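Chemist: Give me a model of this one.
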Amino acid sequence: MIHAKQYGQTGKHLIILHGLFGNSDNWHSIAQKLSETYQIHCLDLPNHGQSSNLSIATYANMSDAIIKWMNQNNIEQSYLLGHSMGGKVAMQIASHTPERILKLIIADISPVDYAPSHLEIFEGLKSINLTSIESRSDADKQLEKYVNDINIRRFLMKNLIKSEGIFHWRIALDYLFDNYQTLLKSPTLQEKYPLPTLFIKGELSDYILPEHREQIIQFFPNADVKVIQGTGHWLHAEKPIPFTSIIKRFCTP
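Modeler: Predicted structure coming up:
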């Protein structure tokens with residue numbers, strides 16, 4: 001089951017896919033702005049938020065889950081925006097079912113293999129004793145031993161919720177860790193996606209590099225790249241106004 005939040009009732013559909021450890025709530029403000037023009041659907045990917053868990057979380061399996069959700073909601077075609085891991089899922093969808101995607105937007109990720117960079121985060125999250133903490137602040141203090149950046153910790157803590165007096169994660173932490181090596185890999189692209197594709201890079205991020213150009217063009221021959229100055233990997237959160245403006249200009253016929 002894929003959980004989604006909808007914003008707006010008119011215009012063409014635009015589906016948004018978040019990154020690793022994220023959820024649909026991360027895109028609330030941008031979705032509100034884009035809903036002036038489009039019907040926005042912010043999805044929780046499998047193993048995140050309120051969506052079902054997926055023990056074998058390959059990009060093919062996640063792609064199939066999103067397509068099934070589109071079918072269930074009678075969405076024949078949609079613009080598709082994915083950030084980071086969600087961008088890889090979006091590439092997989094566009095490659096396997098190009099006829100379903102009107103235009104493709106990929107935020108700060110390339111169709112390549114990446115070195116592991118989240119192992120301390122996993123270790124830190126797994127170290128938190130959910131039965132002993134009384135507040136998010138308690139959890140944050142435990143996580144600080146592994147993650148120095150307070151902004152990253154705040155982002156991660158959004159996954160910690162309290163229900164009936166008990167804290168629990170809104171992410172399937174064990175499944176994500178078990179599938180982490182798979183998630184680092186490039187999606188298994190098969191067909192070229194021939195329609196307009198936009199890669200948006202954060203200037204200070206190293207997730208999209210010049211050496212990725214050949215792999216990008218191989219599967220997305222109609223691709224363009226825009227750079228948002230002064231931003232890192234979370235470019236949509238750091239500079240939401242230029243990010244949103246770029247999306248609107250790209251999707252305008």
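
Chemist: what residues are up against I106?
Modeler: Listed by CB atoms under 8 Å, 6 or more residues apart in numbering, the contact set of I106 reads L81, G82, G87, A90, M91, T197, L198, F199, I200. All C-beta spots, glycine's among them, are computed from the backbone N, C-alpha and C.

Chemist: Quick one: low-confidence residue ranges for this structure.
Modeler: Nowhere does the chain drop to pLDDT under 70.

Chemist: for it, which helix is longest?
Modeler: When the chain is parsed with DSSP state H, its longest helix is helix 59-72.

Chemist: Strands of the stretch 1-150 of the chain, residue ranges please.
Modeler: Assigned by DSSP state E, counting those that start in this stretch, the stretch 1-150 of the chain shows strands spanning 4-7, 13-17, 39-43, 78-83, 101-107.

Chemist: just checking, what packs against the longest helix of the chain?
Modeler: strand 13-17, helix 85-96 (3 or more CB pairs under 8 Å, 6 or more residues apart in numbering; DSSP states H and E).

Chemist: got those as CSV, with mean neighbour count columns?
Modeler: As requested, the helices and strands packed on helix 59-72 are arranged in CSV below (neighbours: other CB atoms under 10 Å):
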stretch, mean neighbour count
strand 13-17, 25
helix 85-96, 27
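
Chemist: how about those in a markdown table, adding distance to Y180?
Modeler: Formatted as a markdown table, the helices and strands packed on helix 59-72 follow (distance: least, CB to CB, whole Å):
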| stretch | distance to Y180 |
| --- | --- |
| strand 13-17 | 18 |
| helix 85-96 | 10 |
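
Chemist: Go through the longest helix of the chain and flag the buried ones.
Modeler: Y59, A60, N61, M62, S63, D64, A65, I66, I67, W69, M70 (16 or more other CB atoms under 10 Å).

Chemist: gap between that helix and the chain center?
Modeler: 14 Å (CA atoms, centre = their mean, to the nearest Å).

Chemist: so what's N61 closest to, chain neighbours aside?
Modeler: Excluding the flanking residues, the one nearest N61 by CB to CB, 6 or more residues apart in numbering is L54, at 6.0 Å.

Chemist: just checking, the one you found touches D64?
Modeler: No: counting by CB atoms under 8 Å, L54 does not reach D64; the two are 9.9 Å apart.

Chemist: Mind listing the shared neighbours of these two?
Modeler: Shared contacts of L54 and D64 (CB under 8 Å, 6+ apart): none.

Chemist: Show me where the stretch 101-250 of the chain has its helices.
Modeler: Shown for the stretch 101-250 of the chain, the helices assigned by DSSP state H, counting those that start in this stretch span residues 119-127, 136-143, 150-157, 173-178, 180-184, 213-219, 235-238, 240-251.
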